[in-house]
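Colleague: coordinates for the following, if possible.
(one chain, ligands or ions: 3)
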Amino acid sequence: MQTTSLALHTDKYQINMMYAHWANGSHDHQAVFEAYFRKLPFGNGYAVFAGLERIVDYVANLRFTEEDIRYLSEQEEQYDPQFLELLRQFTFRGTIHSMKEGAVVFPNEPLVRVEGTIFETQLVETALLNFMNYQTLIATKASRIKQVADGDTLLEFGTRRAQEADAAIWGARAAYVAGFDATSNMLAGERFGIPTKGTHAHSWVQSFMTEQEAFDAYAKVLPDQVTLLVDTFDTLGSGVPHAIRTGKMLEEQGKRMNAIRLDSGDLAYLSIQARKMLDEAGLDYVQIVASNDLDENTIFNLKAQGARIDVWGVGTQLITASDQPSLGGVYKLVEREVNGQMKPTIKISGNPEKVTTPGKKDVYRIIDKKTNKSIADYICFPEEERPRNGERLKLFNPLHPYLKRYVENYEAISMLEPIFVEGKQVYQLPTLDEIRAYHLEQLGQFWPEYQRKLNPEIYRVNISQKAWELKQKMLDEYMPAEE
Ligand SMILES: Nc1ncnc2c1ncn2[C@@H]1O[C@H](COP(=O)(O)OP(=O)(O)OP(=O)(O)O)[C@@H](O)[C@H]1O
Ligand SMILES: O=P(O)(O)OC[C@H]1O[C@H](OP(=O)(O)OP(=O)(O)O)[C@H](O)[C@@H]1O
Ligand SMILES: O=C(O)c1cccnc1
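Modeller: Residues are numbered from 1 along each chain as shown. Ligands and ions are numbered 1, 2, ... in the order given. Okay, here's the model as predicted:
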């Protein structure tokens, strides 16, 4: 799928650090990085992980081309030719674990874990975060819209407003992962097999002498798919009556008009009136599509007003995640090789939220066996005994350890899948249908309290006693109390 080399799709400082590690003789030292975000976007109670397919494609094809090497040789840093030769030979030989696409995920838990030489693990940071942050953000926004749509059909219409082509295409895919039904973007349809849908623009109507002529001509060519845009001149005065006439003409030919589309004005009022007019004309099967700067809040409000809308076309607000246009996912070093041994490392900050949890970690989802609902996510070191059903597990709030509880009758599901092992891809990418099914299954594991879009319950993400103790010990080492 990938056509151009993405090796230089990285920040210059990664190349410079790789260079300095090489000059320093430390480039082959092992390192472990974890990618995670600290704060959920849009005030949502969860995020929907996406971006893995692109990450896999990127890592599997990570090579410096001759043009890349030439470009690097022209940089003001004047990289040593031997370093450039190392890049020429480069392939990713590390190990990656990741959440699966469609997983319901939370702050401060590793979503992707990258192990390998510091050389290769440093290189992939920028692209990995770029893919994960954008696609997870859009999938999460789409999931909020899906929540309020309550089973109505959702169409992704964002391409014209997206931040360029890749965002449109991968954003369409992320929306589909989270439950959208189709996209207007044909390339996304072709590449990923997402169903595509389209109505027509105002220009279609404007390019005829009359609205009626425009509707009839469109219906003649696309009788079974036709959705007529009724707001070019006067929605209730001309658009809907003309569409009804076209619908009746199709009936005479034994065909059925699909829908009308409303794209301006008061969508609640207009949809209620249009529904009445269509029903009175015997066209009760004709659906109503609405568009115009919709998001989860307008859709929720329109529904509360009794709007009779069956299909929602959502563009700008979704594809740009306009109320929060970035997810602040980070990639932090948690272990490094010292004298041939792996040692945990910590990043200290005056802001407690930014202090990292040292050590390479696994994530388990703890499911209550009685209810089949998730209780918490539990983060521990791989060398610790993994949580097992029947064995009492202590869950405590890492910031307020006195807030604790014990659980026994649970199932612990390992959330991080092996994707690459020592450079070899071991993960078979699932189909989009499988990803959508997995996402639905994931949502089903959460009580509605965590899923509501306003002021959701905060889900527990807990670390093991050992992980907590190590963090405290390292904090004490680096920040001894002042005398
Ligand atoms: N009944 C309603 N309740 C709440 N919001 C609505 C309702 N009807 C429409 N909206 C939303 O209000 C906004 C209206 O925007 P705006 O005023 O720019 O549109 P318009 O003037 O109707 O159409 P346009 O400028 O696109 O021709 C849109 O985001 C639309 O989705
Ligand atoms: O509003 P969005 O959620 O982004 O959905 C896509 C919009 O794109 C189209 O019109 P366009 O915005 O190009 O022109 P218009 O505003 O004049 O209808 C379409 O009619 C929708 O309104
Ligand atoms: O098919 C449509 O109606 C459509 C597609 C993209 C953007 N706006 C509308």
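
Colleague: Q206 contacts L229, correct?
Modeller: No: if you go by C-beta atoms under 8 Å, Q206 and L229 don't touch, sitting 10.7 Å apart. C-beta: built from backbone N, CA, C; applies to glycine.

Colleague: comparing those two, which residue is more hemmed in?
Modeller: The neighbour comparison of Q206 against L229 (other C-beta atoms under 10 Å) goes to L229, with 26 against 11.

Colleague: which residues touch the more buried one?
Modeller: Counting by C-beta atoms under 8 Å, 6 or more residues apart in numbering, L229 touches T199, H200, A201, H202, W204, V205, G239, I260, R261, D263.

Colleague: quickly list what it is bridged to.
Modeller: R261 (DSSP bridges).

Colleague: and the chain, which of its residues are near ligand 2?
Modeller: Contact residues, the chain versus ligand 2 (C-beta under 6 Å from any ligand atom): 157, 160-161, 263, 291-294, 313-317.

Colleague: G193: neighbour count?
Modeller: By other C-beta under 10 Å, neighbour count at G193 equals 13.

Colleague: could you find the closest non-adjacent residue to it?
Modeller: Once flanking residues are discounted, G193 sits nearest to L432: 6.2 Å by C-beta to C-beta, 6 or more residues apart in numbering.

Colleague: check the gap between the one you found and ligand 1 for me.
Modeller: 29 Å (C-beta to the nearest ligand atom, to the nearest Å).

Colleague: so what's that residue up against?
Modeller: L432 touches R173, Y176, V177, F192, G193, I194, counting by C-beta under 8 Å, 6+ apart.

Colleague: pull out the buried members of those.
Modeller: Buried subset of these (neighbour count, 16 or more other C-beta atoms under 10 Å): R173, Y176, V177, F192, I194.

Colleague: now do the longest strand belonging to the chain, average pLDDT.
Modeller: As assigned by DSSP state E, the longest strand anywhere in the chain is strand 330-338. The pLDDT scores in strand 330-338 average 98.

Colleague: just say helix, strand or coil for M209.
Modeller: Three-state assignment for M209 (DSSP: H, G, I helix; E, B strand; the rest coil): coil.

Colleague: parallel or antiparallel, list what pairs with the longest strand of the chain.
Modeller: Partners of strand 330-338 in its sheet, by DSSP bridges: strand 30-36 (antiparallel), strand 341-344 (antiparallel).

Colleague: neighbouring contacts of stretch 276-291?
Modeller: Contacts for stretch 276-291 (C-beta under 8 Å, 6+ apart): 155, 157, 199, 227, 236, 240-241, 243-244, 247-248, 256-263, 267, 271, 274-275, 302, 307-315.

Colleague: which residues touch R392?
Modeller: Neighbours of R392 in contact, by C-beta under 8 Å, 6+ apart: Y406, V407, E408.

Colleague: what's the separation between the second one and L429?
Modeller: Yep, that's V407 we're talking about. 34 Å (C-beta to C-beta, to the nearest Å).

Colleague: rewinding a little: closest to ligand 3 among the contacts of L229?
Modeller: The closest of the contacts of L229 to ligand 3 turns out to be T199 (C-beta to the nearest ligand atom; 3.4 Å).

Colleague: and the residue nearest to the closest one when sequence neighbours are not counted, backbone torsions?
Modeller: In space, and not counting its chain neighbours, T199 is closest to T227: 4.0 Å by C-beta to C-beta, 6+ apart. For T227, the backbone dihedrals are phi -120, psi 120 (criterion: degrees, to the nearest 10).

Colleague: try R308
Modeller: phi -100, psi 70.

Colleague: so who does the residue nearest to M479 when sequence neighbours are not counted touch?
Modeller: Among residues not flanking M479 along the chain, I348 sits closest, at 6.3 Å (C-beta to C-beta, 6+ apart). Going by C-beta under 8 Å, 6+ apart, I348 touches V355, L475, Y478, M479.

Colleague: can you do 10 Å?
Modeller: Neighbouring residues of I348 by C-beta atoms under 10 Å, 6 or more residues apart in numbering: K354, V355, T356, M474, L475, E477, Y478, M479.

Colleague: tell me which of those fall in strands.
Modeller: Among those, no member falls in strands (DSSP E).

Colleague: where does the prediction get shaky in the stretch 1-150 of the chain?
Modeller: 1-3 (pLDDT under 70).

Colleague: what ranges do the helices span in it?
Modeller: Listed in chain order, the helices of the stretch 1-150 of the chain (DSSP state H, counting those that start in this stretch) span residues 12-24, 52-60, 66-73, 81-88, 118-123, 125-149.

Colleague: in a markdown table, list those along with distance to ligand 3 and mean neighbour count.
Modeller: Output for the helices of the stretch 1-150 of the chain, formatted as a markdown table (distance: least, C-beta to the nearest ligand atom, whole Å; neighbours: other C-beta atoms under 10 Å):
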| stretch | distance to ligand 3 | mean neighbour count |
| --- | --- | --- |
| helix 12-24 | 37 | 16 |
| helix 52-60 | 23 | 21 |
| helix 66-73 | 36 | 13 |
| helix 81-88 | 42 | 15 |
| helix 118-123 | 37 | 23 |
| helix 125-149 | 16 | 24 |
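
Colleague: state the distance from the residue nearest the centre of the chain to F37.
Modeller: Note on the chain: the residue nearest the mean C-alpha position is T136, at 2.1 Å, using C-alpha atoms, centre = their mean. Between T136 and F37 the distance is 8 Å, computed by C-beta to C-beta.

Colleague: nearest to ligand 3, of the contacts of R392?
Modeller: V407 (48.1 Å).

Colleague: got the phi and psi for the closest residue to that closest one other than its chain neighbours?
Modeller: With sequence-adjacent residues excluded and distances taken as C-beta to C-beta, 6+ apart, V407 is closest to L393, at 5.2 Å. Here is the backbone geometry of L393 (degrees, to the nearest 10): phi -120, psi 130.

Colleague: and what of K100?
Modeller: Torsion angles, degrees, to the nearest 10, at K100: phi -80, psi 150.

Colleague: okay, now the domains of the chain?
Modeller: 12-138+325-478, 146-319 (automatic domain parsing).
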